[in-house]
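J.: The sequence and its predicted three-dimensional model are supplied below.
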Amino acid sequence: MSKVFLIAALLFGSFFISTTEYPYDGYERTGIRRLKWVEDVQSGKIKSNRLRPGAFYPLSSIALNLDNRKVTLTADGIPETDPGLQSRVDGLFRGLNTNYSMTLLDMSPGKPIRYAEHRPAAQYQPGSVGKLVVLSAFFTGLKHVYPGDFDKRIELLKTKQIRAGKWALSDHHTVPVYNLETGEQVKRKVRETDVFSLFEWVDHMVSVSNNGAASVVWREALLMHIFKDKYPSLTFEESEAYFKSQPKSELSEYAITTVNQPLRDLGISEDEWRLGKFFTSGAGSYIPGRGGSIGTPIGLMKYVMALEEGKIVDAESSLEMKRLLYLTDRRIRYAYSHRLDSAAVYFKSGSFYSCDRKKNPNCGDYQGNVYNYMNSVAIIEHPDGTRYAVCLMSNVLNKNSANDHLALADKVDDLVRGK
């Protein structure tokens with residue numbers, strides 16, 4: 001047994017190889033086919049590179065950190081800043097470009113809640129972090145379908161098959177597609193004819209940040225709000241007929257309200273976080289955007305706190321959403337820090353950039369000279385019991401900020417753990 005595998009086994013009771021977002025032992029619960037691929041890797045049928053030890057937590061180990069803790073909040077809806085933690089956070093950003101903002105919450109059990117911030121109300125284009133907004137709207141929609149039965153919501157997620165249609169077009173991000181009969185997995189772009197379960201579409205949206213999947217999930221959330229208990233039997237053809245029969249202006253208003261209202265219910269204002277358009281041009285041809293998208297570190301932190309408190313829809317939905325955010329895929333940006341190798345990381349990252357080729361013909365990916373947003377939401381859970389959340393946003397022109405995010409992750413982990 002390799003040294004890395006031995007460490008994982010000692011920490012978590014068992015070891016598995018995974019390139020999925022949902023915990024490795026979740027296939028039976030979810031029906032997500034690529035989790036069956038993980039089982040085949042574990043059994044030795046398929047060989048794959050192993051990930052960091054923190055990827056090997058089982059489903060049963062994931063819990064909410066604040067559901068049984070009382071958190072005293074200010075009028076702004078966040079805890080008071082902790083003087084000691086705040087002083088150290090202030091030191092992190094001395095000499096750094098001012099286009100960085102962060103909120104930090106230490107929620108380690110057995111210790112007082114500690115909060116610190118840096119430019120928490122600064123506004124950024126959230127990019128793919130906005131898919132968390134779609135996630136909460138989707139689980140809100142599930143409650144409209146089955147108000148008093150969470151088990152039926154999970155069964156619907158697992159069994160209802162959904163066609164992509166033009167809504168999913170187009171996106172350069174690939175999704176993993178696993179063939180249960182042949183044992184072959186390929187990564188490819190989403191096609192108009194693709195059919196996945198609701199659980200798989202949500203997983204594609206979160207784990208590989210597929211824009212087409214995000215548009216499909218938002219569409220289904222909207223249909224749940226509209227059709228409620230009739231949604232389980234709704235066909236793709238019926239939904240297409242509905243969208244084509246409605247005025248686009250009314251659809252736009254309803255879609256924006258549907259996706260953003262869960263934020264308002266949590267006390268997150270329109271200036272702190274909002275989503276204004278679908279993630280693909282195909283979806284935009286059905287429902288135009290309006291109002292633009294904005295995110296702030298304080299808005300993101302309010303969301304994370306509500307998730308950990310079990311207040312997004314209900315405790316069962318919040319826990320299921322957290323499971324979907326569990327990072328067992330390749331770690332990037334903030335999550336790449338080796339300080340986090342043995343930690344469970346719940347993660348969503350996003351970027352959004354634009355290049356003016358007249359100013360710089362060589363302007364590269366994630367190095368925009370017009371704007372260059374890079375954002376991360378991360379919940380970190382170390383084996384020693386340390387638990388904290390970070391919401392980091394930046395807009396630094398002409399450079400890929402991934403290394404800066406990585407360096408900040410190292411420093412944040414050290415200061416939270418008192419090093």
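T.: Looks like it came in fine.

J.: Test for you: state the pLDDT assigned to Thr98.
T.: We have a pLDDT of 73 for Thr98.

J.: got it, and Leu11?
T.: At Leu11, pLDDT is 38.

J.: ok, now which ones touch the residue minimising distance to the centre of the chain?
T.: Centroid-nearest residue in the chain: Lys348, 3.8 Å away (criterion: Cα atoms, centre = their mean). Counting by Cβ atoms under 8 Å, 6 or more residues apart in numbering, Lys348 touches 128-129, 131-132, 206, 209, 325, 376-377. For every residue, glycine as well, the C-beta is placed using N, CA and C.

J.: Provide the secondary structure category for it.
T.: Of the three states, Lys348 takes strand under DSSP: H, G, I helix; E, B strand; the rest coil.

J.: swap in Met102?
T.: Per three-state DSSP, Met102 ends up strand.

J.: beta partners of it?
T.: Note on Met102: beta-bridge partners His118, Leu392, judged by DSSP bridges.

J.: For it, which residues are in contact?
T.: Contacts for Met102 (Cβ under 8 Å, 6+ apart) come out as 89, 92-93, 117-120, 297, 390-393, 408.

J.: what about it, distance to Leu307?
T.: Computed as Cβ to Cβ, to the nearest Å, the Met102 to Leu307 distance reads 18 Å.

J.: low-confidence ranges in the stretch 201-350 of the chain?
T.: Along the stretch 201-350 of the chain, the model assigns pLDDT under 70 to residues 328.

J.: Please, where are all the helices along it?
T.: Secondary structure of the stretch 201-350 of the chain (DSSP state H, counting those that start in this stretch): helices at 211-227, 236-245, 248-265, 281-284, 297-309, 315-325.

J.: one step back: with distance to Lys45 and neighbour count as extra columns, can I get the contacts of Met102 in JSON lines?
T.: Converted to JSON lines, the contacts of Met102 look like this (distance: Cβ to Cβ, whole Å; neighbours: other Cβ atoms under 10 Å):
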{"residue": "Val89", "distance to Lys45": "47", "neighbour count": "22"}
{"residue": "Leu92", "distance to Lys45": "46", "neighbour count": "18"}
{"residue": "Phe93", "distance to Lys45": "49", "neighbour count": "15"}
{"residue": "Glu117", "distance to Lys45": "48", "neighbour count": "21"}
{"residue": "His118", "distance to Lys45": "48", "neighbour count": "19"}
{"residue": "Arg119", "distance to Lys45": "50", "neighbour count": "16"}
{"residue": "Pro120", "distance to Lys45": "48", "neighbour count": "23"}
{"residue": "Pro297", "distance to Lys45": "44", "neighbour count": "28"}
{"residue": "Val390", "distance to Lys45": "38", "neighbour count": "25"}
{"residue": "Cys391", "distance to Lys45": "40", "neighbour count": "26"}
{"residue": "Leu392", "distance to Lys45": "39", "neighbour count": "26"}
{"residue": "Met393", "distance to Lys45": "42", "neighbour count": "29"}
{"residue": "Leu408", "distance to Lys45": "40", "neighbour count": "22"}
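
J.: Can you tell me which of the residues you listed comes closest to Arg333?
T.: Comparing those against Arg333 with Cβ to Cβ places Leu392 closest, at 9.0 Å.

J.: give the contact list for the closest one.
T.: By Cβ under 8 Å, 6+ apart, the neighbours of Leu392 are 100-102, 297, 334, 375-376, 378, 405, 408.

J.: between these, which is closest to Leu142?
T.: Ala378 (25.4 Å).

J.: Pull up the pairing partners for the strand or helix carrying that closest one, direction included.
T.: According to DSSP states H and E, Ala378 maps onto strand 371-381. Here strand 371-381 has these sheet partners by DSSP bridges: strand 344-354 (antiparallel), strand 387-395 (antiparallel).
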